[in-house]
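**Q** Please find the sequence and the predicted model below.
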Amino acid sequence: MHRPRSLAIPLISTTLVGLTVLWAFPEGLGFWRSVAIVSGWAGCGLLVASLLLMIREARLAAWLGGLESMYRWHHRLGVSAYLVLLVHPLALAAAGWAESPALAWAMLAPWQQGWPVWLGWAALLCLMTGLALALSPAMPYARWRGLHNLLALAIVLSLGHLLLLGLDYLLLWSPLLALTFILWRFLRADFGLAAHPYIVARVDHPSAEVVEVRLQPLARPLAARSGQFVLAAFLDGSGFHGCGEYHPYTISGIAPGGEIALDIKALGDCTSHLQAIVPGVAVRIEGPFGDFLGDPPAGPQLWLAGGIGITPFLGVLRSGPLRYPARLVYLHRNDTDAAFRDELAALATAEPRLALHVVACGDRLPDLAAVLPAATALAGHDCYVCGPPGLLTAAVRILQQRGVRPAHIHFEHFDFR
Amino acid sequence: MMHRLFLPGTALFWIAVLVLWAAVRWLPPAVERPPVAAERRLPIDEVARHASPENCWMAIDLAVYDVSRYLPEHPSRSGIVEPWCGKEATEAYRTKMKGRPHSPEADELLARYRIGTLARP
C-alpha cells in the first residue's frame, strides 16, 4: 500500500473525532461530567469515521487504500467507538456519586428517567448486541447481514437521544453525517444504485466446483483490469433465481467489448447455488476494487496460488504478454479440483517469461517449505500470494523467514465481513 | 486487537453497573441535612433581580432556587433555560419538552439549589 494512502484513514478519523470533541468541549464543569460529555462526542466522532469507511465506492476505495483497508478500519473504529461510549453513562454516574450513590444510580436507572435516556440506553444496547453478532465469525452470512442492521438502528436511536436532550443544532452535524453515510451505503451499495447492469453471456465449468461466467455489459462497462475484483449480485433470468447477495469475485479476464469473466467456487450457500447458473441471468456489478498485481515493480515475481486463488494470475496471463519474468506455483487438491490446468499449460507454452509449477497436495495442507523457492532463488523477487487464509499466513511467514521483506510480499485477505 | 477488547470492555461495563446498584442497595444512606429552621422568604421582585446566566434565580412550585452554579451543566442548549432566569418557571420546569415533567433525579438535584420560599405578594 502506498504510504500517503495508508495515512489517509487515520488522518480523516482523527479530524472527525477532533472536530466533534472540540466543538462540544465543556467549560467550567466538574471532572466526571466533562469526561461524560467528551466520551459521548468522541464516540460519536469515531462512529462517523467508521461509517464513512462502510461506503462502497470504487473511487473512495482507491483513494483510501482499498476496500480491505477500509473495512479493517471500519471494524477498529466501530469497536473503539463502542468502548468509548461505554464510558459515557458510567462517567455521568460518577459525576452524581459525589452528591450521593442514590443520585449516581438514578443517572443510570432507566425507570427513573425519560425518553432521552431511554433512547440513549436503547442505542447502546443495540450497539452492544449488533457488535457481539458482527464479531461472530460462525454465523451464516445472510443472517449476519440482517442482524448487522442493528448497528444502523443504534445510530438512529442515538440521534433521537441527542435531539430529545435539546442539544444545540450545530452539534447535531456529527450524528446527521453518520445518518447520511448509512443512507448512502443502503441506497448506493445495498439497493444497487451504484451498480452496473450486466448479463450472463456464457457459462463454463473449468472444474467440478468452479463455474466461470462471462458477463456482457448492458450499459457503460466497468473501467477495470484483470486481477482487480468486483462485487457481483446475481439476480433472476431464464428460469434461474439468484440469491441477489453481493459477493466479491476476482476478474479473471476482460474482452475488448467490456465483457468480463468471473470464476466462482462453491464455498457457501449462494456460491453453491450459482454453480447451476445459465446464460441470460441479470447481474449487478459494483467496483472495480483492489490493486493486487496492478502496478508491479520492475523485476522478477513469484506468484503463489491456492485453489480458486489462481484467478488474479489467470487474469493477468489472459490479458497479454508479461512485462517481467514470473514463476507461478499453483497448488490444488486433485485432478478434479485443478481448474484451468490445461489453459495454464497452454499459456506457459506461449509465454516464455512464465515458469509454471502445478502441485497436487491432496487433502493435506501443502508443504510450503518444500514448494517455495529457496532464499537465494527469491532474492530480488516480489511475491504475490492468493489463496485461503491458512495458506496466506503460512506463506507470508516462510517468505519472511527466507529474507523477503514485508514490502515485497503482496496479498489480499478477501474477507469483507 | 480491537475485536479482543469487545468482551472485556462489555464485561467491565456491566460489572461497574452492578457495583453501583449494589452500593445503592447496601451502603447506608447519606445523613439527612437538618431542616432549615426558618427559610428566607423571597418576593418575586427579588427573584427578578437575578436574571442573568451568571446570577440566575428561579421560582418553581413556591420555592426559590439559585441555579447559577448548575446552569453550565444543564444538558439543554443555553437558549432553552436561560430565558427563565429571574422568573416564575414552574410551568417550564413541569413541561420541559413535549409536555413532559423533569425526572425524579432532576427534582432531587434541584432541591440542592434551594435558597428560600417565594413570598406571596
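**A** Arrived safely.
**Q** Give the other helices and strands that whichever helix or strand residue A:349 is part of contacts.
**A** Taking DSSP states H and E as the criterion, residue A:349 maps to helix A:341-350. Packing partners of helix A:341-350 (3 or more C-beta pairs under 8 Å, 6 or more residues apart in numbering or on different chains; DSSP states H and E): helix A:311-318, strand A:326-332, strand A:354-360. C-beta: built from backbone N, CA, C; applies to glycine.
**Q** looking at the ones you listed, which is closest to residue A:96?
**A** helix A:311-318 (58.0 Å; C-beta to C-beta).
**Q** List of residues touching that closest one?
**A** The contact list for helix A:311-318 (C-beta atoms under 8 Å, 6 or more residues apart in numbering or on different chains) reads A:226-227, A:249-254, A:261, A:263, A:292-293, A:303, A:305, A:322, A:328, A:330, A:340, A:343-344, A:347, A:351, A:354, A:384, A:386.
**Q** Point out where chain A drops to low pLDDT.
**A** Where chain A drops to pLDDT under 70, the residues are A:1-5, A:28, A:112-113, A:166-170, A:414-417.
**Q** Do a quick rundown of the strands in it.
**A** Assigned by DSSP state E, chain A shows strands spanning A:196-207, A:210-217, A:229-234, A:236-237, A:240-241, A:247-254, A:260-265, A:282-289, A:301-306, A:326-332, A:354-360, A:382-386, A:409-411.
**Q** got CSV for the ones you listed, with mean neighbour count too?
**A** Listed next are the strands of chain A as CSV, based on neighbours: other C-beta atoms under 10 Å in any protein chain shown:
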stretch, mean neighbour count
strand A:196-207, 17
strand A:210-217, 21
strand A:229-234, 24
strand A:236-237, 14
strand A:240-241, 14
strand A:247-254, 23
strand A:260-265, 24
strand A:282-289, 22
strand A:301-306, 25
strand A:326-332, 23
strand A:354-360, 16
strand A:382-386, 24
strand A:409-411, 20
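**Q** Residue A:59 is nearest to which of these?
**A** Of the strands of chain A, nearest to residue A:59 by C-beta to C-beta is strand A:282-289, at 10.4 Å.
**Q** tell me the angle that closest one makes with strand A:229-234.
**A** 170 degrees (axes from the mean of the first three to the mean of the last three C-alpha atoms, to 10 degrees).
**Q** Near the residue of the stretch 251-400 of chain A found nearest chain B, how many other residues are there?
**A** In the stretch 251-400 of chain A, the residue that lies nearest chain B is residue A:389 (15.1 Å; C-beta to the nearest C-beta). For residue A:389, the count of nearby residues is 11 (other C-beta atoms under 10 Å in any protein chain shown).
**Q** go on, the one 5 residues further on?
**A** Residue neighbour count, defined by other C-beta under 10 Å, stands at 19 for residue A:394.
**Q** Could you do residue A:403 as well?
**A** Residues near residue A:403, counting by other C-beta under 10 Å, number 11.
**Q** The one 4 residues further on now?
**A** Other residues lying near residue A:407 total 9 when counted by other C-beta under 10 Å.
**Q** what does the longest helix along chain B rub up against?
**A** Criterion DSSP state H: the longest helix present in chain B is helix B:2-26. The contact list for helix B:2-26 (C-beta under 8 Å, 6+ apart) reads A:75-76, A:79-80, A:82-83, A:86, A:90, A:93, A:101-102, A:104-105, A:108, A:128, A:131-132, A:135.
**Q** Can you tell me the strand partners of the following helix or strand past that helix and which way each runs?
**A** Next helix or strand after helix B:2-26 toward the C-terminus (DSSP H and E): strand B:41-42. If you go by DSSP bridges, strand B:41-42 pairs up with strand B:114-118 (parallel).
**Q** State the distance from residue B:115 to residue A:96.
**A** Per C-beta to C-beta, to the nearest Å, residue B:115 is found 22 Å from residue A:96.
**Q** Which one of the two is surrounded by more residues?
**A** Using other C-beta under 10 Å, the more surrounded residue of residue B:115 and residue A:96 is residue A:96, with 22 against 16.
**Q** wait, what's in contact with the more buried one?
**A** Going by C-beta under 8 Å, 6+ apart, residue A:96 touches A:103, A:104, A:105, A:106, A:107, B:105.
**Q** Which ones among these lie within helices?
**A** Those of those lying in helices (DSSP H): A:103, A:104, A:105, A:106, A:107, B:105.
**Q** Which of those residues sits closest to residue A:408?
**A** Of all the ones in helices among the contacts of residue A:96, residue A:408 sits closest to residue A:107, with 55.0 Å by C-beta to C-beta.
**Q** Tell me the spacing between residue A:252 and residue A:11.
**A** For residue A:252, the distance to residue A:11 (C-beta to C-beta) stands at 35 Å.
**Q** quick one on the thing from earlier: which of the contacts of helix B:2-26 come close to chain B?
**A** For chain B, the contacts drawn from those by C-beta under 8 Å from any C-beta of the partner chain are A:75-76, A:79-80, A:82-83, A:86, A:90, A:93, A:101-102, A:104-105, A:108, A:128, A:131-132, A:135.
**Q** In ChimeraX, how would I select the buried members of these?
**A** Selecting only the buried entries of the ones next to chain B among the contacts of helix B:2-26 in ChimeraX, with 16 or more other C-beta atoms under 10 Å in any protein chain shown as the criterion:
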select /A:75,76,79,80,82,83,86,90,93,101,102,104,105,108,128,131,135
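**Q** can you tell if stretch B:68-86 touches chain A?
**A** Yes: residues of stretch B:68-86 contacting chain A under C-beta under 8 Å from any C-beta: B:72, B:73, B:75, B:76, B:77, B:80.
**Q** Save those residues as CSV, and put in secondary structure too.
**A** Listed next are those as CSV, based on DSSP: H, G, I helix; E, B strand; the rest coil:
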residue, secondary structure
B:72, helix
B:73, helix
B:75, coil
B:76, coil
B:77, coil
B:80, helix
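**Q** Now the residues you listed in a markdown table, please, with extra columns for neighbour count.
**A** What follows is the residues of stretch B:68-86 next to chain A, written out as a markdown table (neighbours: other C-beta under 10 Å):
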| residue | neighbour count |
| --- | --- |
| B:72 | 15 |
| B:73 | 16 |
| B:75 | 15 |
| B:76 | 15 |
| B:77 | 15 |
| B:80 | 16 |
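**Q** What is the lowest-pLDDT residue among these?
**A** Of all these, residue B:77 carries the smallest pLDDT score, 65.
**Q** ok, and the closest non-adjacent residue to residue A:186?
**A** Once flanking residues are discounted, residue A:186 sits nearest to residue A:152: 7.9 Å by C-beta to C-beta, 6 or more residues apart in numbering or on different chains.
**Q** Could you measure from the one you found over to residue A:223?
**A** Applying C-beta to C-beta, the value for residue A:152 to residue A:223 is 31 Å.
**Q** Equivalent analysis for residue A:194, please.
**A** For residue A:194, the distance to residue A:223 - C-beta to C-beta - is 14 Å.
**Q** Next: residue A:126.
**A** Residue A:126 is 39 Å from residue A:223, where distance means C-beta to C-beta.
**Q** Likewise for residue A:398?
**A** In terms of C-beta to C-beta, residue A:398 sits 36 Å off from residue A:223.
**Q** quick one: which of these two has more around it?
**A** Neighbour totals were compared for residue A:398 and residue A:223, and residue A:398 leads with 15 against 10 (other C-beta under 10 Å).
**Q** How far does stretch A:228-240 sit from its chain's centre?
**A** Relative to its chain's centre, stretch A:228-240 lies at 19 Å (C-alpha atoms, centre = their mean, to the nearest Å).
**Q** Revised request: answer the last question for stretch A:351-365.
**A** With C-alpha atoms, centre = their mean as the basis, stretch A:351-365 stands 28 Å off its chain's centre.
**Q** got the CA positions of it in PDB?
**A** Taking C-alpha atoms only, stretch A:351-365 is exported to PDB below (Å, rounded to 0.1, in the frame of the first residue of the first chain):
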ATOM      1  CA  GLU A 351       4.700 -17.200 -22.700                       C
ATOM      2  CA  PRO A 352       8.500 -17.600 -22.400                       C
ATOM      3  CA  ARG A 353       8.700 -15.400 -19.200                       C
ATOM      4  CA  LEU A 354       6.300 -17.700 -17.300                       C
ATOM      5  CA  ALA A 355       7.600 -20.700 -15.300                       C
ATOM      6  CA  LEU A 356       4.600 -22.900 -14.200                       C
ATOM      7  CA  HIS A 357       4.700 -25.400 -11.300                       C
ATOM      8  CA  VAL A 358       1.400 -27.200 -10.700                       C
ATOM      9  CA  VAL A 359       1.400 -29.100  -7.400                       C
ATOM     10  CA  ALA A 360      -1.300 -31.500  -6.300                       C
ATOM     11  CA  CYS A 361      -1.500 -31.500  -2.500                       C
ATOM     12  CA  GLY A 362      -4.400 -34.000  -1.900                       C
ATOM     13  CA  ASP A 363      -6.500 -33.200   1.200                       C
ATOM     14  CA  ARG A 364      -3.400 -32.300   3.300                       C
ATOM     15  CA  LEU A 365      -2.000 -28.800   3.900                       C
END
